[in-house]
Structures are given as C-alpha cells and as structure tokens.
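**Student:** Return a 3D structure for these sequence lines:
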Amino acid sequence: MSHRPDLPVEKEAKRHKPAIIAIIVALAAAVIAFLVFGADTSDVDMEPAPADSAATPDVSQDTPAETAPDAEPAPAN
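**Tutor:** Numbers count the residues shown, from 1 in each chain. Now for the predicted structure:
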C-alpha cells in the first residue's frame, strides 16, 4: 500500500487507528489465552528419564508367531 501524496499524514493516521487498536486487542487476547490455557506445566515431569529406562522393548518375552495378533492363520489340511 503506497502513500498518496495529496492526503495529509494526520488523516491517514486517523484511518489506521481502528486497525492498530484491533491488533493490540488481538495480541492481548492471545496473551490472556496463553496464560489461561497454555501456561499450566505443573503436571509435566521436567526431570530427564534415566538412561536405562524402559525406552527399549523387552525382547526376552517375545510372543510366539502363532499367537501374535498379526500372524497368518495356519493352513487347514
């Protein structure tokens, strides 16, 4: 949007006032929404997990292939 040289700056400032107020209100609403909905971190565990945690699956108790949920059914003879 370019500036028209025949319009005074004061008149353009008046025309932009509602837009500037709307931007300020939107930013204030965003801050309030963050404080109400996004700032609750009390239930988050901020401590790192130990290195030997259960992040890797236990392969010592593998499910046999015939009882696995995605196993192919045995052929009927």
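
**Student:** any idea where the helices of this structure begin and end?
**Tutor:** Under the criterion DSSP state H, the chain carries helices at the ranges 9-33.

**Student:** Any stretches of it with poor pLDDT?
**Tutor:** Scanning the chain with the threshold set as pLDDT under 70 gives 1, 3, 39-46, 49-74, 77.

**Student:** at 90 what do you get?
**Tutor:** 1-16, 35-77 (pLDDT under 90).

**Student:** neighbours around Gly38, how many?
**Tutor:** 8 (other CB atoms under 10 Å). For glycine as for every other residue, the C-beta is placed from the backbone atoms N, C-alpha and C.

**Student:** Then the one 10 residues further on?
**Tutor:** With neighbours defined by other CB under 10 Å, the count for Pro48 comes to 7.

**Student:** again with Phe34
**Tutor:** 10.

**Student:** again with Pro18
**Tutor:** 9.

**Student:** State the distance from it to Val25.
**Tutor:** Using CB to CB, to the nearest Å, Pro18 is found at 10 Å from Val25.

**Student:** same deal with His16?
**Tutor:** According to CB to CB, His16 and Val25 sit 15 Å apart.

**Student:** With Pro75 instead?
**Tutor:** Here Pro75 is placed at a distance of 70 Å from Val25 (CB to CB).

**Student:** of those two, who's got more company?
**Tutor:** Set Pro75 next to Val25 and count neighbours by other CB under 10 Å: Val25 wins out with 10 against 5.

**Student:** and the gap between the more buried one and Lys14?
**Tutor:** Taking CB to CB as the measure, Val25 falls 18 Å from Lys14.

**Student:** And for Leu7?
**Tutor:** For Leu7 relative to Lys14 (CB to CB), the value is 11 Å.

**Student:** can you check Leu35 too?
**Tutor:** Taking CB to CB, one finds Leu35 at 33 Å from Lys14.

**Student:** With Ser2 as the reference, measure out to Ala13.
**Tutor:** Note on Ala13: its distance to Ser2, by CB to CB, is 16 Å.

**Student:** So which of these two has more stuff around it?
**Tutor:** Legend: neighbour count by other CB under 10 Å for Ala13 and Ser2, higher for Ala13 (10 against 4).
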